[in-house]
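Visitor: let's see this in three dimensions:
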Amino acid sequence: SSKVDSSKVEINRMVNYKSANTWKWEINRMINSWKEEINKLVHSRKREINRMINSWKREINRMVNSWKWEINKSANTWKREINRMINSWKEEINKLVHSRK
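Guide: Now for the predicted structure:
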């Protein structure tokens, strides 16, 4: 019985291995044909694709630059606000210190 079981397992392993390899081969063939298709498309559209990518880059740069400006502006505003607050606290503390004397 165990002999039969072990040969069943062996046969199953072989079948699975063979079918796995067949699938691999099939899948690879499909992938390769897709690659070819994509390459054809890419080559025919390279200029268009580059134009698109460049326009996206420009768009992104424009956005980033405007954010930088916004961030700098608000950072400066915050700095001023914080300094104003600190100065008013200093004044308060000075008043307290002097009134205690």
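
Visitor: which of the residues in stretch 15-35 are buried?
Guide: For stretch 15-35, a neighbour-count test (16 or more other Cβ atoms under 10 Å) marks nothing as buried. For every residue, glycine as well, the C-beta is placed using N, CA and C.

Visitor: what separation do you get for residue 19 and residue 13?
Guide: Going from residue 19 to residue 13 by Cβ to Cβ, to the nearest Å gives 11 Å.

Visitor: please, which helix or strand holds the most centrally placed residue in the chain?
Guide: When Cα atoms, centre = their mean is applied to the chain, the residue found nearest the centroid is residue 60 (14.8 Å). Counting by DSSP states H and E, the element that carries residue 60 is helix 2-100.

Visitor: give me the distance from that helix to the chain's centre.
Guide: Here helix 2-100 is found 1 Å from its chain centre; the criterion is Cα atoms, centre = their mean, to the nearest Å.

Visitor: what mean pLDDT does that helix get?
Guide: Taken as a whole, helix 2-100 has an average pLDDT of 84.

Visitor: and it, what does it pack onto?
Guide: Judged by 3 or more Cβ pairs under 8 Å, 6 or more residues apart in numbering; DSSP states H and E, helix 2-100 is in contact with no other helix or strand.
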